[in-house]
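> turn this into a model:
(4 chains)
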Number of protein chains: 2
Amino acid sequence: MSSLFENLDEEKKQRILNAAFQEFAEHGFEKASTNRIVKKAKIGKGMLFYYFNNKRELYYYLIDFSLDLVLKDYLERIDTSETDFIERLKRTAKFKLSIFAENPHLFNFIGAFVLVEKEELPLELKEKYERLYQLGHTKLYDNIDYSLFRDDIDVKKAFKLITWSIYGYEEELKQRLKRQSLAEMDYEPLFEEFYDYLEVLKISFYKQEGEKK
Amino acid sequence: MSSLFENLDEEKKQRILNAAFQEFAEHGFEKASTNRIVKKAKIGKGMLFYYFNNKRELYYYLIDFSLDLVLKDYLERIDTSETDFIERLKRTAKFKLSIFAENPHLFNFIGAFVLVEKEELPLELKEKYERLYQLGHTKLYDNIDYSLFRDDIDVKKAFKLITWSIYGYEEELKQRLKRQSLAEMDYEPLFEEFYDYLEVLKISFYKQEGEKK
DNA sequence: AAATATATTGACCACAGTGGTCGACATGAT
DNA sequence: ATCATGTCGACCACTGTGGTCAATATATTT
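You can find the predicted model right below:
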């Protein structure tokens, strides 16, 4: 009965979610330890099994929760009427960061279960993930104005290169922020830096002023 | 006494190295299991502790081994007289792949111990790693002809973007090849694809014919 | 062929950590 | 004063741990 869990005060709920996300992200389902989770979440062992009947139920709850969150706080916010690919990505950055600030291990958690245990998931969750994945694809790549790109490069390859670049920047950022307290810090300089990179990408992959037809 | 181990026939040695690299890469030192290692390497439990006195000694041996290997089979082969950054990277790809083909978990292993346990390493290994890191930096970035890059972008940022792009491509490749037997396959098409990406990077970040002074 | 040295195994050990339970107790509502 | 709801952590049976070692197979020397 996870409605018990859902009615917890927000701070405690968040502590538990965070602890569990981190533990499962780092160790996978099998080797994740409920002992470490309760310790990190600062609750008694009993409570975890009071909210969730067992480890597996908690795990599935987390998957469901994370998929819902990505849908509502990320994908649904992406504005597909913006036809400039890089500009569209630029706008998604803020959504991503606010998710990360609230739940730093959520993306790692998703990455982990997708990589290693996606296939063994109950059908319901697997399908939910597939739907989300499809939606993500359309939200990112549909209705893009290809004519912005230079004519002398393969647009598909440019897409990939841009995506990898952004992923690389995100990862470097994560490393840099590792010991920072995410809560009270000034994100603006980071966004400025990020925008600078996007600008370089635009200059490089897009037609320049003179070339636009 | 790891000279015992070193005198093993190559095939058995490789089996043990592979198994151990993978186990430590996936689980870190603490949670790596010697039982799983011997099982995967298909040797009796006793042998592992016959070659290496204990788990830690094996771990340190692997670190030392991997650092030596990266030095000799990768860094020392990089030709710094090639002043074209992308061209230089292009040439390193073959070294990297041949290391990966022989020992698919080595880079993951290095990535893992650097990320989580570098600081607690014995001084000797820590210094060895630092030296390697420095050398890597010079081998990749020294004596690069900046004038190849377009004037209207920040070269430092272009460096980063290119590096991230290549890393992204490598990771995607790893995913794709996951279920392939690395041994007997044709790498040529992959290199062709890789070179295509590099070409896009060149067109985008380098000056075009007309602009060269 | 006998004796010795080296290589190899896996059952075994004490122990640490596992997921999950449950009686004791605190808190707040009725 | 009673009762429902929360909360805890000692406890349990059990699994897996790093490491040992007597037994044995194999190779080398005499």
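
> and the helices in chain A?
For chain A, the helices defined by DSSP state H occupy A:3-6, A:10-31, A:34-41, A:45-51, A:55-73, A:85-102, A:106-116, A:123-141, A:155-176, A:188-205.

> could I get those as CSV with mean pLDDT and mean neighbour count?
Every C-beta, even on glycine, is put in place using the N, C-alpha and C of the backbone. Below are these laid out as CSV (pLDDT from 0 to 100; neighbours: other CB atoms under 10 Å in any protein chain shown):
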stretch, mean pLDDT, mean neighbour count
helix A:3-6, 88, 12
helix A:10-31, 96, 18
helix A:34-41, 97, 17
helix A:45-51, 96, 15
helix A:55-73, 97, 17
helix A:85-102, 94, 17
helix A:106-116, 95, 17
helix A:123-141, 96, 14
helix A:155-176, 94, 17
helix A:188-205, 95, 17
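
> for those helices, give me JSON lines that also has distance to chain B.
As requested, the helices of chain A are exported to JSON lines (distance: least, CB to the nearest CB, whole Å):
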{"stretch": "helix A:3-6", "distance to chain B": "28"}
{"stretch": "helix A:10-31", "distance to chain B": "7"}
{"stretch": "helix A:34-41", "distance to chain B": "11"}
{"stretch": "helix A:45-51", "distance to chain B": "21"}
{"stretch": "helix A:55-73", "distance to chain B": "17"}
{"stretch": "helix A:85-102", "distance to chain B": "12"}
{"stretch": "helix A:106-116", "distance to chain B": "9"}
{"stretch": "helix A:123-141", "distance to chain B": "15"}
{"stretch": "helix A:155-176", "distance to chain B": "2"}
{"stretch": "helix A:188-205", "distance to chain B": "4"}
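
> and those: which comes nearest residue B:97?
helix A:155-176 (18.3 Å; CB to CB).

> restrict stretch A:110-122 to CA atoms and write it as CSV.
The C-alpha coordinates for stretch A:110-122 follow below in CSV (Å, rounded to 0.1, in the frame of the first residue of the first chain):
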residue,chain,number,x,y,z
ILE,A,110,16.6,5.3,-15.1
GLY,A,111,19.8,4.7,-17.1
ALA,A,112,20.7,1.8,-14.9
PHE,A,113,17.4,-0.1,-15.0
VAL,A,114,17.1,0.5,-18.8
LEU,A,115,20.5,-0.8,-19.4
VAL,A,116,20.5,-4.0,-17.3
GLU,A,117,17.0,-5.0,-16.3
LYS,A,118,14.6,-3.5,-18.7
GLU,A,119,13.7,-6.8,-20.3
GLU,A,120,12.6,-8.5,-17.1
LEU,A,121,10.3,-5.8,-16.0
PRO,A,122,6.5,-6.5,-15.7
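
> that one near DNA strand C anywhere?
No: between stretch A:110-122 and DNA strand C, judged by CB under 7 Å from any atom of the strand, nothing touches; the nearest distance is 14.5 Å.

> please work out which residues outside that stretch touch it.
Stretch A:110-122 has contacts (CB atoms under 8 Å, 6 or more residues apart in numbering or on different chains) with A:24, A:25, A:26, A:28, A:29, A:60, A:63, A:66, A:67, A:70, A:126, A:129.

> ok so, going back, can you tell me which of the helices of chain A is nearest to residue B:179?
helix A:106-116 (13.5 Å).

> residue A:61 versus residue A:109, what's the distance?
Note on residue A:109: its distance to residue A:61, by CB to CB, to the nearest Å, is 12 Å.

> let me fix that: residue A:79
31 Å.

> how far does stretch A:188-197 sit from the chain's center?
Its chain's C-alpha centre and that of stretch A:188-197 lie 19 Å apart, by CA atoms, centre = their mean, to the nearest Å.

> nope, stretch A:42-57 is what I meant
Centroid separation for stretch A:42-57 versus its chain: 25 Å, with CA atoms, centre = their mean.

> quick check: end-to-end length of that stretch?
20 Å (CA to CA, to the nearest Å).

> briefly note if that stretch comes near DNA strand C.
Yes: counting by CB under 7 Å from any atom of the strand, DNA strand C is contacted by stretch A:42-57 at A:45, A:46, A:49, A:53, A:54, A:55, A:56.

> contact residues of chain A facing DNA strand C?
Taking CB under 7 Å from any atom of the strand as the test, the list of chain A residues beside DNA strand C reads A:32, A:33, A:34, A:35, A:36, A:45, A:46, A:49, A:53, A:54, A:55, A:56.

> help me confirm that residue A:5 comes into contact with residue A:14.
No: the pair residue A:5 and residue A:14 does not pass the contact test of CB atoms under 8 Å, sitting 11.6 Å apart.

> circling back to that earlier point, and the residues of stretch A:42-57 next to DNA strand C, which two are the farthest apart?
A:46 and A:56 (17.8 Å).

> what's the closest non-adjacent residue to residue A:107?
residue A:100 (6.8 Å; CB to CB, 6 or more residues apart in numbering or on different chains).

> state the distance from the one you found to residue A:194.
13 Å.

> do the same with residue A:20
For residue A:20, the distance to residue A:194 (CB to CB) stands at 30 Å.

> what parts of chain A come near DNA strand D?
A:4, A:7, A:8, A:42, A:43, A:44, A:45, A:46, A:47, A:50.

> one more time with 6 Å, if that's ok
A:4, A:43, A:44, A:45, A:46, A:47, A:50 (CB under 6 Å from any atom of the strand).

> phi first, then psi, for residue A:185.
Main-chain torsions, residue A:185, degrees, to the nearest 10: phi -140, psi 160.

> for the residues of chain A next to DNA strand D, which one is nearest residue A:153?
Distances from residue A:153 to the residues of chain A next to DNA strand D, taken by CB to CB, are shortest for residue A:43, at 53.8 Å.

> so the closest one touches residue A:12, yeah?
Yes: contact criterion CB under 8 Å: residue A:43 and residue A:12 qualify, at 7.4 Å.

> hang on, the earlier thing: would you list the residues of chain A next to DNA strand D in CSV and tack on distance to residue A:189?
Conversion of the residues of chain A next to DNA strand D to CSV gives the following (distance: CB to CB, whole Å):
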residue, distance to residue A:189
A:4, 42
A:43, 36
A:44, 41
A:45, 42
A:46, 45
A:47, 40
A:50, 44
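
> identify the farthest-apart pair in these.
Among the residues of chain A next to DNA strand D, the pair separated by the greatest distance (CB to CB) is A:4 and A:45, at 15.9 Å.

> picking that back up, which among the contacts of stretch A:110-122 gets closest to residue B:207?
Of the contacts of stretch A:110-122, the one sitting nearest to residue B:207 (CB to CB) turns out to be residue A:70, at 41.1 Å.
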